[in-house]
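Visitor: for reference, the sequence and a predicted model appear below.
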Amino acid sequence: MQQYLAKLSRYHCWATEKLFDSVALLSEEQYRSNEGLFFGSVHGTLNHLLLVDQLWLSRINGEPYPVSDLSHEIETDAKMLEAALLNQCDLWFRTCAAMTERRLAQDIKFRNLAGEEGRINAADLLIHVFNHGTHHRGQISAVLAELGVSVPEMDYYYFVKK
């Protein structure tokens, strides 16, 4: 499981880098316009990815993460947001690489944003994080295509094929 998750974390980073190659082709107006995504714009969705990644990492580490809204803007600058997301990808890789099979089998206890207690297996939590990234990269890809921007191949197949 640890090797599988480390590979998924590398894929997560690779796919995020590929996405940013295309996001860079957007005008500032396109990048920030409300395109009907869950978090409005491409920027809002990327910001949400960073927020949720940081939230789940804090839960893995047993640390509080002071946020009450999943759309809270962490980073207003597009380039700084990109750098923060790519740094977060590296943190996921290091987290997965350091996880033992024993730790992966343990539950992570946390409080959700409503203050309710939650619990999830550590391996399932990491799978969730990478799946969540895929979900929102797919949303952004659809917007890129609608805006006439070339959409990169980000399927896992292309990652392992390289």
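Guide: Received, thanks. Numbering: from 1, shown residues only.
Visitor: hey, let's count contacts and neighbours off CA atoms from now on
Guide: OK.
Visitor: what pLDDT does residue 68 get?
Guide: Per-residue confidence (pLDDT) for residue 68: 85.
Visitor: what's the mean pLDDT across the longest helix that the chain contains?
Guide: Under DSSP state H, the helix in the chain containing the largest number of residues is helix 122-146. Per-residue pLDDT over helix 122-146 has a mean of 97.
Visitor: next helix or strand past that helix?
Guide: Using DSSP states H and E, the helix or strand that follows helix 122-146 in sequence is helix 156-161.
Visitor: mind telling me what element the residue lying farthest from the centre of the chain is part of?
Guide: The centre of the chain is farthest from one residue, residue 102, which by Cα atoms, centre = their mean lies 24.7 Å away. Following DSSP H and E, one finds residue 102 within helix 101-105.
Visitor: show me which positions of that helix end up buried.
Guide: Within helix 101-105, the residues that count as buried by 16 or more other Cα atoms under 10 Å are residue 104.
Visitor: who does that helix touch, helix- and strand-wise?
Guide: Applying 3 or more Cα pairs under 8 Å, 6 or more residues apart in numbering; DSSP states H and E, one finds that helix 101-105 contacts helix 122-146.
Visitor: what's in contact with stretch 105-113?
Guide: Residues from elsewhere that reach stretch 105-113 (Cα atoms under 8 Å, 6 or more residues apart in numbering): 59-60, 62, 67-69, 117-123.
Visitor: buried subset of these?
Guide: Counted by 16+ other Cα under 10 Å, the contacts of stretch 105-113 give 59, 60, 120, 122, 123 as buried.
Visitor: I'd assumed residue 113 was in a strand, is it?
Guide: No. Going by DSSP: H, G, I helix; E, B strand; the rest coil, the assignment for residue 113 is coil, not a strand.
Visitor: next, count neighbours for it.
Guide: Using other Cα atoms under 10 Å, residue 113 has 13 other residues around it.
Visitor: same question, residue 57
Guide: By the measure other Cα under 10 Å, the count of residues near residue 57 is 20.
Visitor: mind listing what it touches?
Guide: Listed by Cα under 8 Å, 6+ apart, the contact set of residue 57 reads residue 92.
Visitor: and the next helix or strand past the one helix or strand it maps to?
Guide: Element membership of residue 57 [criterion: DSSP H and E] is helix 42-60. Next helix or strand after helix 42-60 toward the C-terminus (DSSP H and E): helix 78-98.
Visitor: let me see the backbone angles for residue 154.
Guide: Backbone geometry at residue 154, expressed as degrees, to the nearest 10, gives phi -120, psi 10.
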